[in-house]
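S.K.: Based on what follows, work out the 3D shape:
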Amino acid sequence: MNKLLDRNLFDQIGLDSAAITMLGTVVHRFGEPGQYRGTVRAGDRLEATFYISVDPNCAVAELPIDLARLADPSSGSEGCCADKTGGQPFIVHPRGYAVFHVSSGAGGYHVNVRRADEDRDVKAYDTRALQPEDIFAGVLLRPGTYTIRNTLNHASADATVSYPVIGKTAYRPPPPVILEVGDTITPRKVKLQPAQGINMHVKAPARVKIELTRPDDGPRGHEPSGRPGLQRRRL
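M.R.: All right, here's what the predicted structure looks like:
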């Protein structure tokens, strides 16, 4: 069955690892076996509670967790095995990865996860402060120049997304560009083709924000530029 594209996919400009949308994904490995309890929030608002079992007897190496489906079980997204109040736990191998993503809607979620049997004073995992070995992956759809910043240590880099050119053959985006986000962000400058992914491998605590600084409207561009962040298309 054909479905209309979610307009939020095109309304969003820029990325923020502390506010996950359809254009961004956080990948995290829990490592230690045990039971974990997580919450999904949009700002200060609690959207959902879920559970993860990290089990060495489980063969699952990649566990997709759809935050939109958790926040709104009626959305009908597939591949989610926990309801808004917890339900059955997600299960993953200690060497596997949880993949926090958003399948539909405006998103803007962050995730907090802690050991279910652990003291509340022990620091929980929070996607607003990514940890070493995490990956923040995304796509920048709007052509232009962007600033990439780790807001926790002020490291920065620049990315340029080229304006699409119509060719004689079907276009396929090249493989994602890989950056390392630590005390610095390397490489310091990257060039992206249209719809090419960008994978940021975290080496130090990080909140990654990518903001549009100069749009590229192509050779015939004459529209006034808007502010970075979420923008609405004219209908």
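
S.K.: pLDDT-wise, which helix or strand of this structure ranks last?
M.R.: In the chain, no helix or strand scores lower on mean pLDDT, DSSP states H and E than helix 8-11, which sits at a mean of 62.

S.K.: Can you give the contact residues for stretch 108-120?
M.R.: For stretch 108-120, contacts defined as C-beta atoms under 8 Å, 6 or more residues apart in numbering pick out 18-21, 26, 30, 32, 34-43, 47, 51-52, 67-68, 71, 100, 102, 122, 124-128. Bear in mind the C-beta positions are built from the backbone N, C-alpha and C, glycine included.

S.K.: from those residues, which would you call buried?
M.R.: Buried members of those, counted by 16 or more other C-beta atoms under 10 Å: 18-21, 26, 30, 36-42, 47, 51-52, 67-68, 71, 100, 102, 125-127.

S.K.: among these, which are in strands?
M.R.: 26, 36-42, 47, 51-52, 100, 125-126 (DSSP state E).

S.K.: Closest one to residue 206 out of those, please.
M.R.: residue 26 (10.9 Å; C-beta to C-beta).

S.K.: Could you measure from the closest one over to residue 57?
M.R.: With distances taken as C-beta to C-beta, to the nearest Å, residue 26 is found 26 Å from residue 57.

S.K.: Heading C-terminal from the strand or helix carrying residue 159, find the next helix or strand.
M.R.: Using DSSP states H and E, residue 159 sits within strand 155-161. Counting by DSSP H and E, the element after strand 155-161 in chain order, helix or strand, is strand 177-181.

S.K.: what's that next one packed up against?
M.R.: Counting contacts by 3 or more C-beta pairs under 8 Å, 6 or more residues apart in numbering; DSSP states H and E, strand 177-181 packs against strand 185-186, strand 189-192, strand 197-202.

S.K.: Spatially nearest residue to residue 101 (excluding sequence neighbours)?
M.R.: Distance criterion C-beta to C-beta, 6 or more residues apart in numbering; nearest residue to residue 101, sequence neighbours excluded, is residue 25 at 4.5 Å.
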